[in-house]
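[1] What would the 3D arrangement of this be:
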Amino acid sequence: MTSNRRAFLTAAAVTALTAAPATAAPRPRPLPPSTAHTKHTAHTALDELLAGNRRHAAGHPRHPHDSPGRRHLLAAAQHPFAVIVGCIDSRVPPELVFDLGLGDVLCIRTAGQVLDEAVLGSIQYGVQELGVPLVLVLGHERCGAVAATLDHLRTGAPVPGHLELLVDEIAPAARRTRALPGDWAEHTMRAHTVWVRDAIRADPAFASAHVVAARSDLDTGLVSPLP
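    The predicted structure follows:
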């Protein structure tokens with residue numbers, strides 16, 4: 001990863017304004033201590049993600065941790081149990097794909113789950129500052145960023161504007177898998193997702209976390225770990 005890579009995303013500062021109500025509203029009932037903050041290992045974090053995904057795929061989501069009480073509890077501090085690095089595709093929002101709620105995970109999304117310095121800094125914040133034990137890189141079938149990369153390699157047409165960063169990052173995986181039989185786009189997505197996982201694993205800033213890769217199936221909704 002080159003040090004002079006231009007940031008793909010621009011951070012926007014948000015200022016929170018608070019005002020005291022004229023009449024005090026009832027205080028939300030706090031969550032029981034057993035659900036307020038569960039200390040996860042990487043293993044239990046992955047188990048929870050996959051269990052939530054099975055509920056989502058089966059059409060039986062619980063939509064956990066989405067109450068006024070949960071919101072009130074998290075106002076003071078957050079304890080997410082995973083960082084999910086995924087694609088911006090509207091069909092794979094991690095909070096829905098894994099049936100999650102407020103405060104459960106940190107989600108970092110770029111087209112094709114492409115890495116840049118802002119993404120790496122965000123992962124580092126989760127791992128080092130919040131003590132998150134698990135980083136999951138989530139790819140998905142029929143990825144538009146992958147499709148754009150393959151179109152460029154087939155035609156040689158120039159890539160406009162900021163899309164060049166996406167193509168430059170995904171193209172190595174596409175070239176490595178071009179001769180494989182079967183679906184070139186699927187092979188590319190898998191190879192690129194695994195490469196992103198391995199790049200994060202190799203960075204000493206994330207040594208305390210377990211890093212895994214997975215694939216989301218748009219037809220079934222199921223997420224499967226990648227080797």
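
[2] hey, where'd the helices end up in the protein?
    Secondary structure of the chain, counting by DSSP state H: helices at 33-36, 42-58, 68-74, 94-97, 117-124, 144-155, 163-177, 184-202.

[3] of these, which approaches residue 226 most closely?
    helix 184-202 (5.7 Å; Cβ to Cβ). From N, CA and C alone the C-beta is placed, and that goes for glycine too.

[4] Residues in contact with the closest one: which ones?
    With contact meaning Cβ atoms under 8 Å, 6 or more residues apart in numbering, helix 184-202 is reached by 1, 85, 112-115, 120, 123, 135, 137-143, 146-147, 149-150, 169-170, 172-174, 176-178, 180, 206, 211-215, 226-227.

[5] which among those residues end up buried?
    When neighbours are counted using 16 or more other Cβ atoms under 10 Å, the contacts of helix 184-202 contain these buried positions: 85, 112-115, 120, 123, 135, 137-141, 143, 146, 149-150, 169-170, 173-174, 177, 206, 211-215, 226.

[6] Tell me where the model's unsure across the chain.
    1-37 (pLDDT under 70).

[7] was I right about residue 148 contacting residue 167?
    Yes - applying Cβ atoms under 8 Å as the test, residue 148 and residue 167 come out as touching, 6.4 Å apart.

[8] which residues are common contacts for the two?
    Here residue 148 and residue 167 share the contacting residues residue 159, scored by Cβ under 8 Å, 6+ apart.

[9] Between these two, which has more neighbouring residues?
    With neighbours defined as other Cβ atoms under 10 Å, residue 148 and residue 167 compare such that residue 167 has more, 21 against 17.

[10] Pull the contacting residues for the more buried one.
    Residue 167 makes contacts with 148, 149, 152, 159, as judged by Cβ under 8 Å, 6+ apart.
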